[in-house]
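Undergrad: coords please:
(chains A and B)
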Amino acid sequence: EADIYQTPRYLVIGTGKKITLECSQTMGHDKMYWYQQDPGMELHLIHYSYGVNSTEKGDLSSESTVSRIRTEHFPLTLESARPSHTSQYLCASSATEYRSPLHFGNGTRLTVT
Amino acid sequence: GNSVTQMEGPVTLSEEAFLTINCTYTATGYPSLFWYVQYPGEGLQLLLKATKADDKGSNKGFEATYRKETTSFHLEKGSVQVSDSAVYFCALSAGYSTLTFGKGTMLLVSP
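TA: So this is what the prediction gives:
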């Protein structure tokens, strides 16, 4: 019953390629987030947005970039993929109301060879 | 700053055993507390939440009570099932900051 969609689910790509991970939500949420999940399961916030044309860097420094041109869409781009970017990427959204819970997509598992 | 500490896993139980996953937190002010669950191959789902001291969140047989005096929000279930095998994350929201997650605890339930 996911209302937040991530594509692709799995991506294997060579070093140096440019990639975009897609994230869309149909709930009208203003807030959206990107997390990187390492093999030990820990979550690291890498980007977030509180609305159209608003983007902020998260707690973990990342070479990726994001854009928020439409409320429902929050893509993440890597200009030049490296093996160190191999990870699971999770997108999430939440309503504007104070301390609303997060809704997560099913993730994109990226492997850079 | 805000932080969440939860017990390291994996926690390995037999079906119908009692489950406790410990979670303690440090936060300024009065945070809201959450438990999320991540099943294999999926994203996180909200399992339960509590917004003030002594609140008890519950869902699917899981419970957690917001204990301000011990700064804890331990997750419990009386009788686990194989289908409960997943990774469980404790999290807090304080002020207008982004959510702070614990490192996750893997639960493995065998038949």
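Undergrad: centre of chain B to the edge, which residue is at the far end?
TA: The C-alpha centroid of chain B is most remote from residue B:111, which lies 22.8 Å away (Cα atoms, centre = their mean).
Undergrad: any idea of the pLDDT on the residue in chain B positioned nearest to chain A?
TA: With Cβ to the nearest Cβ, the shortest gap between chain B and chain A falls at residue B:43, namely 3.3 Å. To be clear about C-beta, it is placed using only N, CA and C from the backbone, and glycine gets the same treatment. With respect to pLDDT, residue B:43 has a value of 93.
Undergrad: what lines up beside the helix or strand bottoming out on mean pLDDT in chain B in the sheet?
TA: Least confident helix or strand, chain B: strand B:100-101 with a mean of 94, by mean pLDDT, DSSP states H and E. Strands that pair with strand B:100-101, judged by DSSP bridges, come out as strand B:86-93 (antiparallel).
Undergrad: now do the strand it pairs with, average pLDDT.
TA: On average, strand B:86-93 scores 96.
Undergrad: residues in chain B within reach of chain A, list them.
TA: B:32, B:34, B:36, B:38, B:41-46, B:49, B:51, B:87, B:89, B:93, B:96, B:98-99, B:101, B:103-104, B:106 (Cβ under 8 Å from any Cβ of the partner chain).
Undergrad: can I have the buried ones of these as a PyMOL selection?
TA: Selecting only the buried entries of the residues of chain B next to chain A in PyMOL, with 16 or more other Cβ atoms under 10 Å in any protein chain shown as the criterion:
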select buried, chain B and resi 32+34+36+38+43+44+45+46+49+87+89+93+98+99+101+103+104+106
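Undergrad: helix/strand/coil for the most centrally placed residue in chain A?
TA: Residue closest to the average C-alpha location in chain A (Cα atoms, centre = their mean): residue A:34, at 3.2 Å. Following DSSP: H, G, I helix; E, B strand; the rest coil, residue A:34 is assigned to strand.
Undergrad: next: residue A:61.
TA: Applying three-state DSSP: residue A:61 is coil.
Undergrad: distance check, the residue nearest to residue A:8 when sequence neighbours are not counted against chain B.
TA: Of all residues not flanking residue A:8 in the chain, residue A:108 sits nearest, at 6.1 Å (Cβ to Cβ, 6 or more residues apart in numbering or on different chains). Distance, residue A:108 to chain B, by Cβ to the nearest Cβ, to the nearest Å: 10 Å.
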